[in-house]
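A.B. asks: coordinates only, sequence not included:
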Ligand code: NA
Ligand code: NA
């Protein structure tokens, strides 16, 4: 089994999605099976993580075909870390789904599709083959289409149509890039591409393929000027779904950018300028967008964008310090963004709305819950020593060293906006008295739940908050991990040698 | 039971033709495969399948007769197509049917469609009339008689 | 020292989570926490007085160089004692002031968290951990200012304060990171050795500006001062503790700390002196126009902070000693005055100084404390205030060429501060007691004892300034000044020019107090000036920014899918166009191309026409049928070019898609002409440009050689190793089987989606 | 031949994008299909094309020799076709569903989620 | 559509087309074809049947909901994919082949089962999609 | 010998196909166009397929060719029937020079049930067609 | 002229031209029925083209594609008829 250890998460998720399809009408059983499945996936992910942590990059050659002839799965530190984070987020969200998603949705294969989505995410992180990455992307997007649109009311359908069109378009651009790349190097294995692309004489064509990848992935990861569709789509589905979208879907785009731009493409001044500009604009635009929102889910949405800019900016700097910052931020962001949307769901369950103007009095009525939620909020802001703070040190430092003062300014700007908006959100939602609104009668409020149900609602939030606290206070471990990953990424021959067995 | 078996054999033969391997193993495989398919489809009504044995050889003989008719039909139409003027007098004619079963009606309609200047448009819901579009309906009664005496008669002779 | 810092945090956690079980019973007991810390720090006095510096270091996040390093030197001890000392009294005072308040425990929780953060800040030897504690003071003060969170005013003030100090915090982060980078260490004590490296570095100015930004926002220097009067909305203990004694001095502390590291250039002095001077004079003048006691105190606090910055800017030993002493002076009198104001407010229900008089008759001990506080504030001997004021004049008088000018500014400020101190500390108690206040009773000693203790301490220290000298002044001077000179603090220096200036100050201050009475019309007069005051400007700026944000966001977030896509397409066109035309050469090797035949041309023609027909037809059904033609042409094309599997698949899939279309199409409306011609042309140009770029791109790539290593491997091994002869199929089920496995999963999910999309609604509708 | 195919690919991209930019949802889907075909053709073309030599090993032989078409792009396109089919099927239904709920085919009517709610 | 002609024609076409689909499936490893096209042909056969005989009739012929073919097919593909892991500690998707080829199909191996899984999934998915649409129309 | 057969079958096949194409283009109404193309194309394509059978002269190819031809023979007329009657539903008019239309008014507009010939228009109520 | 050239230079062009002629009908319409019929005929002609092409390339296996084509073309026609009838009923 240890030979295949890094792909066990894939096996587990595929197994459970099949199993769940067989349990089509047994919703209560599905809930349990899905939670068990995610728990198993978590255990397996930890196992794989520890294995790679101790033994270094591990490669599985599917079909026993050596690279570059077959599809390989590459468990380097970055991949297994992301797999682990996916498992953590997936575990929390599966529990949250079990309690929060309405029966009608569950009856139509929600959990099965959910596992397919997680399968896709894990596959995307692990694969060493660029076309295979496309295929994983597709299972991700089709699953997300289904999750966003099933049981669709007006808003969801509107969101889904745009979401579909843009993601399809992104996939087409990705495929175009892939076609160009294959036309140039005749191989699909990323490590092999990396070697062969260095021999391509026409660097303009290489740059073009890079730009196409950038745009294709950029649409998915919400970079300026490609993200405009996102705020209108991601907040429409149920919170459990939004949580996975927010936490992982945009990050898989960032992951792909990191992978492609560290492994395949060498540093290039044109691309650097392009990435930097896009990053700065993303931070700015996301931050500016967050200021004017009244719905907390949409506020979080714009922060996703804003903070993606942080990571892209770090990637653009292309130094080890910056990369460590990017990785740390990625780790922090996946957990925190997932949690924020679960919190949104929790607030909705309490108050039937996520509109700040209609919300209030949470602190007075739910002091402990409020304090619990304060931790992720302030982690998002990056109040030291919580998790969002640490990566900023690396990013700021790297932007200084690279003398990219605009990026530095953008980082400060983004952090400040986050601080102010979250403080405002806190004041509005938690401090302010509950304004007089008509609470719908036909709604099961949080207060009406049984103790066990309440616990199930709060547990995922508490669990992820705990992880966030660990990231903040155990920053030493995370930073060491991030530095190790950054070293691996910046010295891509480690990856290439592992894959091609050189 | 017997009809099932015959269908089974027939499908097996089609299989052998498709694969082009004429040996026992392939026969066996084809047989099992056909069996499975028939088993799956056992809900399908198979009216008229009892006559498989008789029908198969007759279809083969009818086939060659039909090719001839088809060629004739095409020549006629070809002439119509390439000559600059149209000599036709088309129209839709109601053709009373003697054919009763699904198979009979279907085959008749298909044959009519495939032959010169005629197109079977539809069968009345009570199966009493076949509506035929003809290119050369110079005389309605003659037109009807031609078909009834030609195709329908021949066909029913074969099928009954 | 780690324990000292952690104690506050742990206590805070305990109160926040478990406090509600005690319902305020722990209030008085809570004061034991700061008190014991105060005593703990007192025990270090002898060592520090001996000139020792105590270091402690705990590894935390060595990867970042962020460690819990603590230093206890004169400066740190001064602040630590002030924090814990004033803290003890404030804690005590609070127990009475907020007695029976619903959230008293929570309040203590925030308060001790703040105290711990503040302690951590002043004890940190690591600039990153200093920053961490710095931010924690901002956050805990956010909660403290917004403690009465049901009031919109409180929330707004808390947000403003957090916003301004938040900016400062981020600047500090930048400065700290940069400083650490330049110095090669985050330890402040080590940075001192790197002074020359830092001041010579090209980043020096940037560092300086960042650090100043942090300090000025935190210590409410002009033009960032406006958050402070607003923050006074907080309950009195908060105003006392944070906004006079401790937090606002964090900026001053930072400048103090940085003096031996960054004080190497004229610019350091210039900026600090100018900003400090403007702040102290500007806000001192403001005092005259205030009638709210807290308003008076707020502006006098800002002025005092200005004085401190101003002194640090002067930077001579005398000035630094003056600053150190003045920190103590200010803490003693200002904290007392705040507490006194709190008592008055608590008892009379008003802070309007025009309404208050004669309160000495009912609140005698408070009146005594008020009187002494006013004396300290006014620098009247024998209080420590007098010592402090003299030291200030001493410092200004000896500052190079601008001595006279600076001294005049200092005197002006001091006169106004004298006035402010008396208005706040004396005026409410003098004159006739209004009838409505006759029934007032002296509140609990827990409230009036703390100011009394502090003011008395002001007299004791005034009479024995040696205490201050040995405990703080000398140790601070020794660590913060490069060339230390021996000095002594005295109450009486004999007759000299400084004494003369003191006399002038006190006389003019007294005259001002007796002639100028606080009036509402004065307050209204200055309100008109608010429009150009930094506060309103900032407000307008932030409103403008919000408006800009709205415009910016709505400009891009139109909600129209086609805008989003056309933006992306345009972006791609620009990038690809730039790259393709940047080295435009299109030489095609015609010999490498395949020959063109009649039948291919007809197929391609059909394909082309089919595509165009699909685009331009006005009938949806015809478009779908045309799609069928396109699919057919495609599969023939694939067949001609050696891809039979593709031909089959393309055709079956296309037909199935057409069927799907056909099945749902009649549920959809007919085509309408929705876009006008201009839009069509715009989109046409966009799409055609993109198409042209793609064509050019293809031709360029086709010119490059291609590596065929992988396909050769498949050709050789498909049968021998993978037992298949149709290599495409072998790739699909074996070499790249994973792709296929996921591909069919995609189909499954799509089918589940279709199923759910159509059936789920049916079911819910059925329920209705 | 390649030149003409390249032009046709360009036409497919252009048509696809043009259709996606229309306001009608039905046109959006037609555009998606056209664009998908364009992408397939691009991959096919850039994998270099070969006439009449499918990558199938002769029944009498064990290895593929001589001139043959690159099987890899074919396999990729096949996968892409199937995936696109799944997505298109879903999209068609999505559009139908959306039309039923929103009573409009006009994409410009789909902008309430951007408004404040 | 209520037309006798289509109805009777399709009832004869259905078994032949299914046969043809299996043929396409099995020869895929050697000649053009394979699980995907095979599955499509099979599902088209059923769709045709549903057009002519009505959906209920076709469903009763199928006996189970086509949706169940999807997990079933995927399970087969999945098992053929992971069997190397379970049985011989080889990586995922490693081909396992019987020693001797058999007639018609050729070499028997895990790839064949994999293709069979694809075949079933394609039938299941396309039929689920089309039937659902037909029902909701 | 075989070559000659191939020449003949392929030429005839191509010719019929061409005729069908021309017919489809030229014929004045839908019914005539359907009529023309079904016949001509079926024969033409059949011949082309047969020429392939002649060329390869392998039983497997021959049987496959036969299978395709039979298949076309079954499906083409059914398709023609379906599309022809649909054309009638859509109200596509017969060519102006057509002489008779027995189908006129025989379809029930909502159910698409088709009345037989013998039943007179007057007594349609009592003779509900059995299904 | 051998068989190969005959097929290549005469038969295939005739078939191609036929396709284009049919496409003209597709283009002209006017009724959707004409388009469906034209599409059907196009596919049928393609079957012939494939038959000739399989001879030219000596690849009998291409004939299988023609079977798939025939099958699916039929389904397309059925589907269009189905749709048109349903739409007509609903009007
Ligand atoms: Na005829
Ligand atoms: Na006919």
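C.D. replies: Yep, it's here. If you're wondering where the values come from, they're calculated on a predicted model, not measured in any experiment. Ligands and ions are numbered 1, 2, ... in the order given.

A.B. asks: now the residue lying closest to residue C:466 once chain neighbours are set aside: phi and psi?
C.D. replies: Excluding the flanking residues, the one nearest residue C:466 by C-beta to C-beta, 6 or more residues apart in numbering or on different chains is residue C:489, at 6.6 Å. Backbone N, C-alpha and C define where each C-beta goes, glycine included. Main-chain dihedrals, residue C:489, degrees, to the nearest 10: phi -90, psi 130.

A.B. asks: thought residue C:489 was touching residue C:467?
C.D. replies: No: judged on C-beta atoms under 8 Å, residue C:489 makes no contact with residue C:467 at a distance of 9.1 Å.

A.B. asks: looking at chain C, which helix or strand does the model trust least?
C.D. replies: Least confident helix or strand of chain C, by mean pLDDT, DSSP states H and E, is helix C:520-529 with a mean of 72.

A.B. asks: what's the following helix or strand past that helix packed up against?
C.D. replies: Using DSSP states H and E, the helix or strand that directly follows helix C:520-529 along the chain is helix C:534-556. Secondary-structure packing of helix C:534-556 (3 or more C-beta pairs under 8 Å, 6 or more residues apart in numbering or on different chains; DSSP states H and E): helix A:269-291.

A.B. asks: show me what from chain E comes close to chain F.
C.D. replies: By C-beta under 8 Å from any C-beta of the partner chain, the residues of chain E that approach chain F are E:1-3, E:5-6, E:9, E:12-13.

A.B. asks: what's the closest of those residues to ligand 1?
C.D. replies: residue E:5 (14.6 Å; C-beta to the ion).

A.B. asks: so how far is residue F:82 from that closest one?
C.D. replies: Taking C-beta to C-beta, to the nearest Å as the measure, residue E:5 falls 8 Å from residue F:82.

A.B. asks: ok, longest helix in chain E?
C.D. replies: helix E:110-136 (DSSP state H).

A.B. asks: returning to what we had before: what sits against the residue nearest to residue C:466?
C.D. replies: C:321, C:325, C:387, C:391, C:465-466, C:468-469, C:473 (C-beta atoms under 8 Å, 6 or more residues apart in numbering or on different chains).

A.B. asks: and the pLDDT at it?
C.D. replies: pLDDT, residue C:489: 75.

A.B. asks: give me the most central residue, chain B.
C.D. replies: residue B:107 (3.0 Å; C-alpha atoms, centre = their mean).

A.B. asks: list the buried residues for stretch F:91-111?
C.D. replies: F:92, F:94-95, F:98-103, F:106-107 (16 or more other C-beta atoms under 10 Å in any protein chain shown).

A.B. asks: does chain B sit close to it?
C.D. replies: Yes: interface with chain B: stretch F:91-111 contributes F:94-95, F:97-104, F:106 (C-beta under 8 Å from any C-beta).

A.B. asks: name the nearest residue to residue C:674, sequence neighbours excluded.
C.D. replies: Nearest to residue C:674 is residue D:23, by C-beta to C-beta, 6+ apart, at 3.8 Å.

A.B. asks: quick one: that neighbour and residue C:671 touch, right?
C.D. replies: No: between residue D:23 and residue C:671 there is no contact under C-beta under 8 Å: 10.3 Å.

A.B. asks: who's more crowded, the two?
C.D. replies: Counted by other C-beta atoms under 10 Å in any protein chain shown, residue D:23 and residue C:671 do not tie: residue D:23 has more neighbours, with 21 against 16.

A.B. asks: now tabulate the buried residues of stretch F:91-111 in TSV and tack on pLDDT and secondary structure.
C.D. replies: TSV is the format used below for the buried residues of stretch F:91-111 (pLDDT from 0 to 100; DSSP: H, G, I helix; E, B strand; the rest coil):
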residue	pLDDT	secondary structure
F:92	78	coil
F:94	79	coil
F:95	78	coil
F:98	74	coil
F:99	73	coil
F:100	75	strand
F:101	75	strand
F:102	74	coil
F:103	71	coil
F:106	70	coil
F:107	72	strand
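
A.B. asks: assign a three-state SS to residue A:443, would you?
C.D. replies: coil (DSSP: H, G, I helix; E, B strand; the rest coil).

A.B. asks: burial check on it, number of neighbours?
C.D. replies: 11.

A.B. asks: next, the contact list for it, please.
C.D. replies: Taking C-beta under 8 Å, 6+ apart as the test, what residue A:443 contacts is residue A:352.

A.B. asks: and if you look at residue E:7?
C.D. replies: B:102, E:52-53.

A.B. asks: quick one: which of the residues you listed has the most company?
C.D. replies: residue E:52 (26 neighbours).

A.B. asks: list the buried ones in whatever helix or strand it lives in?
C.D. replies: Assigned by DSSP H and E, residue E:52 falls within helix E:35-53. Burial within helix E:35-53, assessed by neighbour count using 16+ other C-beta under 10 Å, is assigned to E:35-53.
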